[in-house]
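Chemist: Sharing a model that was predicted from the sequence below.
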Amino acid sequence: MYAIIEDGGRQYKVEEGQQLAIDYRDVAKGEKIEFGKVLAISDDSGLRTGKPTVDGASVSAEVLGVQLDKKLTVQKLRRRKNSRRKTGHRQMNTMVKIEKIG
């Protein structure tokens, strides 16, 4: 059984028990999150797709904590001006564990 959900402009294929990194949210560890935008659900009875979402469907998840993504290095260089800038960025993600698809 799996579902396709939309969160933060991205689509994710999720299954029960799966851990997933989503965009950062200011929620405490152990709290529950409901994903209401379910685009499709596949179960024993077959595939149900929404127009654009499946009516009455939701996916619940438990927050595991905050995680930092891998570091991206940003370099800016202007030629012939002796101007160089090197910075880095680490995106914050919220780790969740999918509990129930329904």
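Modeler: Cool, the structure landed.
Chemist: Confirm for me that residue 94 is in contact with residue 22.
Modeler: Yes: judged on Cβ atoms under 8 Å, residue 94 makes contact with residue 22 at a distance of 5.4 Å. In short, each C-beta sits where N, CA and C put it, glycine included.
Chemist: Just the pLDDT for residue 45.
Modeler: Turning to residue 45, the model gives it a pLDDT of 89.
Chemist: Could you measure from it over to residue 69?
Modeler: 37 Å (Cβ to Cβ, to the nearest Å).
Chemist: Same drill for these two, tell me which one is more crowded.
Modeler: Each of residue 45 and residue 69 has its neighbours counted (other Cβ atoms under 10 Å); residue 69 has more, 12 against 7.
Chemist: what about the strands in this protein?
Modeler: 2-7, 10-15, 19-23, 32-35, 38-43, 46-49, 59-68, 72-78, 83-89, 92-101 (DSSP state E).
Chemist: Output the ones you listed as JSON lines; include the columns mean neighbour count.
Modeler: JSON lines is the format used below for the strands of the chain (neighbours: other Cβ atoms under 10 Å):
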{"stretch": "strand 2-7", "mean neighbour count": "20"}
{"stretch": "strand 10-15", "mean neighbour count": "14"}
{"stretch": "strand 19-23", "mean neighbour count": "15"}
{"stretch": "strand 32-35", "mean neighbour count": "15"}
{"stretch": "strand 38-43", "mean neighbour count": "18"}
{"stretch": "strand 46-49", "mean neighbour count": "11"}
{"stretch": "strand 59-68", "mean neighbour count": "16"}
{"stretch": "strand 72-78", "mean neighbour count": "9"}
{"stretch": "strand 83-89", "mean neighbour count": "9"}
{"stretch": "strand 92-101", "mean neighbour count": "17"}
